[in-house]
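1. A structural model of the following input is requested.
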Amino acid sequence: MDINKSSLHTDIDTVLNNYDFDFSDVEVTSLGNGHINSTYKLTTSEFEFVLQQINHDIFTKTVELSENAQKINTHLAEKNNQGEYPLAVPQQLLTKNGDTTIKIGSNYWRLMEFISDSYTLEEVSSPEQAALVARSFAQFSCALSDFSAEELSVIIKDFHDISFRMSQLSTAIANNTHNRLAQCQDIVDFCLSQQDFINSVVEISQKLPLHVTHNDTKINNLLFAKGDVPCAVIDLDTCMPGLLMHDFGDMVRTCCSNLAEDDTSTEEMVFKYDIFEALITNYKEAFGDTLTPLEKQSLIIGAKLLPFIIGVRFLTDHLEGDHYFHVDRENHNLDRVKSQFQLFKLVCEAEPELLKYAE
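-> Prediction:
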């Protein structure tokens, strides 16, 4: 194994003993750069797999999470076999006992198929690439349109509920457990001044239909094959009943800024109109006539909401001592807050121009 920390090595060996594969000679390397879970690639002479340790502090419903993924993958595989879903569906591997996860100590693990010669990308580099991203995530939701969202467990309650996230922030402000409020009071004041926007989100959310949504539609949650062609949607951890404006908004959040979400050069941020046009045009086209007029309007609100709500979450985590998101430096979450709120402002400024795409 390339990863030679003894306790991790032992845990991985124990996990793999629960599967019907020969792992006597396996190479283990870290895979990806997610905020939450720890993910590894396993390579043997015959197979390639993805092994993931699920962060049970964040995903407390770990079994339900993997069961959700199993239901979604089964449905998508059927659609793929019928020619109604063009992307591959990497499956979870069941243990010898038929389980989707294995628990070692207090940690939960799962084994998944790895699509050979596939890779991820960290940023959208062109409108053409943005079009592919939008179509892939739209195809994912379209293929699940006849799957009842109510069949899925809610993994993180109120995940994109702006009222709940503002309530969490209010508690963090009131408690100020790490004495960080003074250094970011101006940012807190800006956040609290957006009540009219928050009210508009609450109002439209009550009128929109539920879908099975991915809820983390970053480009690095797509696998690509040779030629930068999307071949699979991955990371189904936050798949739940939700609203399409959340998925679309997260694409805008992660594709339409010229800066990384933790870049400190916020004054140099620009909003990429050409990327936005590619995203919304291709997202709507992939759905065809199935989007309601209100859902089309909601996409613009989602484009504002996701930078704002993620900024609220980063701000809450900063005030509470950085216990949710991985941080690599002092004030890392605060840097993320500034970036997200700057993007929110830019989308708001662009809104008059963006509204033409809501028709």
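
2. which residues sit against stretch 303-317?
-> 160, 162, 165-166, 168-169, 172, 184, 187-188, 191, 194, 197, 201, 245-246, 248-250, 252-253, 256, 261, 276, 323-325, 333-334, 336-337, 340-341, 343-344, 347-348, 351, 354 (CB atoms under 8 Å, 6 or more residues apart in numbering). C-betas here are computed from N, CA, C, even on glycine.

3. can you give the distance of it from its chain's centre?
-> From the chain centre to the centre of stretch 303-317 is a distance of 13 Å (CA atoms, centre = their mean, to the nearest Å).

4. also stretch 117-133?
-> 15 Å.

5. setting aside sequence neighbours, what's the nearest residue to W109?
-> V15 (4.6 Å; CB to CB, 6 or more residues apart in numbering).

6. now do the contacts for that neighbour.
-> V15 touches 51, 102, 104, 109, 111, counting by CB under 8 Å, 6+ apart.

7. ok, now with 7 Å
-> 51, 102, 104, 109 (CB atoms under 7 Å, 6 or more residues apart in numbering).

8. kindly report the same for P90.
-> 112-113, 115, 232, 234.

9. give me the domain ranges for this protein.
-> Domain assignment for the chain, taken from automatic domain parsing, gives 6-113, 127-358.

10. state the mean pLDDT of the first one.
-> Translated: domain 6-113. With pLDDT averaged residue by residue, domain 6-113 scores 89.

11. just give me how far it sits from the chain centre.
-> Centre-to-centre, domain 6-113 and its host chain are 17 Å apart (CA atoms, centre = their mean).

12. hmm, back to that, please spell out the PyMOL selection for the buried subset of the contacts of stretch 303-317.
-> Remark: buried members of the contacts of stretch 303-317, expressed as a PyMOL selection using 16 or more other CB atoms under 10 Å:
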select buried, resi 160+162+165+166+168+169+172+184+187+188+191+194+197+201+245+246+248+249+250+252+253+256+261+276+324+325+333+334+336+337+340+341+343+344+347+348+354
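
13. count the residues that sit near the closest residue in space to E295 that isn't next to it in sequence.
-> Leaving out its chain neighbours, the residue that sits closest to E295 by CB to CB, 6+ apart is L244, at 5.8 Å. By other CB atoms under 10 Å, the residues close to L244 number 24.

14. how near is L244 to A232?
-> Look at L244 and A232: by CB to CB, to the nearest Å, they are 20 Å apart.

15. before we move on, what SS does I280 have?
-> helix (DSSP: H, G, I helix; E, B strand; the rest coil).

16. need the contact list for it.
-> 299, 357.

17. kindly report the same for Q340.
-> By CB under 7 Å, 6+ apart, the neighbours of Q340 are 261, 307, 310-311, 314.

18. could you confirm it falls within a helix?
-> Yes: counting by three-state DSSP, Q340 is part of a helix.

19. quick check: it vs N333, distance?
-> Relative to N333, and taking CB to CB, Q340 is found at 10 Å.

20. the residue nearest to E295 touches H211, doesn't it?
-> Yes: using CB atoms under 7 Å, L244 is in contact with H211, at 5.6 Å.

21. which neighbours do these two have in common?
-> S141.

22. quick check: closest non-adjacent residue to I156.
-> I156's closest residue in space is T238 (CB to CB, 6+ apart), at 6.6 Å.

23. I'd guessed the one you found sits against T217; true?
-> No: counting by CB under 7 Å, T238 does not reach T217; the two are 10.0 Å apart.

24. more neighbours, these two?
-> Between T238 and T217, counted using other CB under 10 Å, T217 has the larger neighbour count: 31 against 21.

25. mind listing what's buried in stretch 62-73?
-> Buried residues in stretch 62-73, counted by 16+ other CB under 10 Å: 62-63, 65-73.

26. with respect to S24, which of the contacts of Q340 is nearest?
-> E261 (41.3 Å; CB to CB).

27. do you know the pLDDT at that closest one?
-> So E261 comes in at 91 (pLDDT).

28. wait, what's in contact with it?
-> Taking CB under 7 Å, 6+ apart, one finds 336, 339-340 in contact with E261.

29. turn these into CSV, including distance to M269.
-> Shown next, in CSV, are the contacts of E261 (distance: CB to CB, whole Å):
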residue, distance to M269
R336, 13
S339, 7
Q340, 10
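
30. for whichever helix in the chain runs longest, buried residues please.
-> Secondary structure of the chain per DSSP state H: the longest helix is helix 293-319. For helix 293-319, burial by neighbour count (16+ other CB under 10 Å) applies to 295-319.

31. and it, how far out from the chain middle?
-> Worked out by CA atoms, centre = their mean, helix 293-319 lies 13 Å from the chain centre.
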